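In: sharing a sequence plus its predicted fold:
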Amino acid sequence: MTTRQLLRWMRVNERRQRGLPSLLVGVLAGLPLAAFVYWRAQASVETGSTAWLAVAIVAFAFAFLRVPFHLYWRSDAALLAQLPIGGGPLFDAALLRCARAALATFVATAIAAVPLALLDAHAVHEATRQITATPFAGDVPALTPLMFFLHHVAIAGVLALAAGLLIPGVVVWAASLLVGGSVADRTSAGTILGAIPGAAGAFIFVGAILASSWLTGDLIDERSGSFLFGVSFASIAAVVAARHAAPRVMDRILRDVSALDRQRLAHLDVRPPTALERAVAALLGDAALPYRKDARLMRRRYPMAFALGAVAFITLAIMGLAHAARPWLVVVAGAAALYAATLASRLSHPPIELPRLSSTLPITAAARRRAKLAWIVSWSLVFVGAPLAFALLRAS
């Protein structure tokens, strides 16, 4: 099957599903985001710009996380891997899905920036002045509302390039480590599938935060230029490299990732607790036994918890080294807290916890709750608390 035939089949399948077009989803998502940015911009021009950047980072973080689901974590991945379709067409179809999702996210964030173009011209001029003193001659460099809006759209465009080209290329490369036999252990392979793309996304977002001074400035400084041109070039290079490798590996990626999911659920392969887990268990008394069970199962069933935890650790550490402002640290810590809430829910549901079976064991419900709380607290302290404290100390 060729790329054209596969894309035609995709269009027929999408029409049968009768879902909303991705661009329409982007427009609908952009309207409430624009309302939020408009509300924050009433306080000050700088506050509106910061609110937009936070909205854009959250929106594109979701787009980055969806890339593996466009490429290989699809419900039909096992079926596609068994059909007579070459790796090239499979990659082309997946890349088109990524590009459409990136375009929809760009539309949403561009709409969210529209209130910035409607701000008072004098307020924008005062907020974007390059120098605060009155010059002896000439105009003070500053932005008009239209240019202020276009600076934000340019940042959104670079993030869209990353979501549509760079992250797919990184994801394919990470998955090729699995099919190439470089990773023997399946749990480690599952961690790598999330950790490498997650780390790439973290570096991109840290770069966007460090380049945010250009949003309220007329001239491109070193940080902003490195981000704008560096991410754009890396996006093109990554997709070219991935397309070159796709005919050899893409069909094998679909096959092996499908097998990875089944193997991770097929047997337990329990390993001994780590040194940190043993230290925490020693403090829990009668909750030590359920804690060790939860820790082992979470390591086996949800390796992404540790991959994304490492991404949060790296992000906060980099932000600390770069002296990032405290509001951005709060944004990253808030995102990590939301993910910790998700992990807490997983601790209380199968396959980690079987409530009916647990109720028959000589372990109290209070001990089980204390064990789960200890796991969440230790995960949060290691991956979020320690680097956040370092970043806050650097920011003070």
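Out: Yes, it's here.
In: per-residue pLDDT of Phe148, please?
Out: At Phe148, the model reports a pLDDT of 92.
In: which outside residues touch the helix or strand hosting it?
Out: Element membership of Phe148 [criterion: DSSP states H and E] is helix 145-161. Outside helix 145-161, the residues within contact range by C-beta atoms under 8 Å, 6 or more residues apart in numbering are 45, 49, 52-53, 56, 60, 102-103, 105-106, 109-110, 113-114, 116-121, 124, 128, 143, 204, 208, 211-212, 214-216, 218, 227-228, 231-232, 235-236. In this view, the C-beta of every residue, glycine as well, is placed from N, C-alpha and C.
In: next: stretch 211-228.
Out: By C-beta under 8 Å, 6+ apart, stretch 211-228 touches 45-46, 49-50, 53, 127-128, 130, 141-143, 147-148, 151-152, 154-155, 158, 207-208, 210.
In: for Gly30, give its distance to Ala112.
Out: Distance from Gly30 to Ala112, counting by C-beta to C-beta, to the nearest Å: 5 Å.
In: before we move on, back to that, of the contacts of stretch 211-228, keep whichever come out buried.
Out: 45, 49-50, 53, 127-128, 142-143, 148, 151-152, 155, 158, 207-208, 210 (16 or more other C-beta atoms under 10 Å).
In: where along the stretch 51-200 of the chain do the helices fall?
Out: 77-82, 87-117, 121-127, 145-161, 167-179, 186-210 (DSSP state H, counting those that start in this stretch).
In: what about the second one, average pLDDT?
Out: Spelled out, it's helix 87-117. 92.
In: that one packs against which elements?
Out: helix 3-17, helix 22-41, helix 45-71, helix 145-161, helix 167-179, helix 222-266 (3 or more C-beta pairs under 8 Å, 6 or more residues apart in numbering; DSSP states H and E).
In: for the ones you listed, give me CSV that also has distance to Leu316.
Out: Shown next, in CSV, are these (distance: least, C-beta to C-beta, whole Å):
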stretch, distance to Leu316
helix 3-17, 39
helix 22-41, 24
helix 45-71, 14
helix 145-161, 20
helix 167-179, 21
helix 222-266, 19
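In: pick the most buried one from those helices.
Out: helix 167-179 (a mean of 24; mean count of other C-beta atoms under 10 Å).
In: count of neighbours near Leu359?
Out: Actually, residue 359 is Ser. It isn't Leu. 10 (other C-beta atoms under 10 Å).
In: check the gap between it and Arg368 for me.
Out: In terms of C-beta to C-beta, Ser359 sits 9 Å off from Arg368.
In: which residues touch stretch 323-335?
Out: By C-beta under 8 Å, 6+ apart, stretch 323-335 touches 50, 54, 57-58, 61, 206, 209-210, 312, 315-316, 319, 384, 388, 391-392, 394-395.
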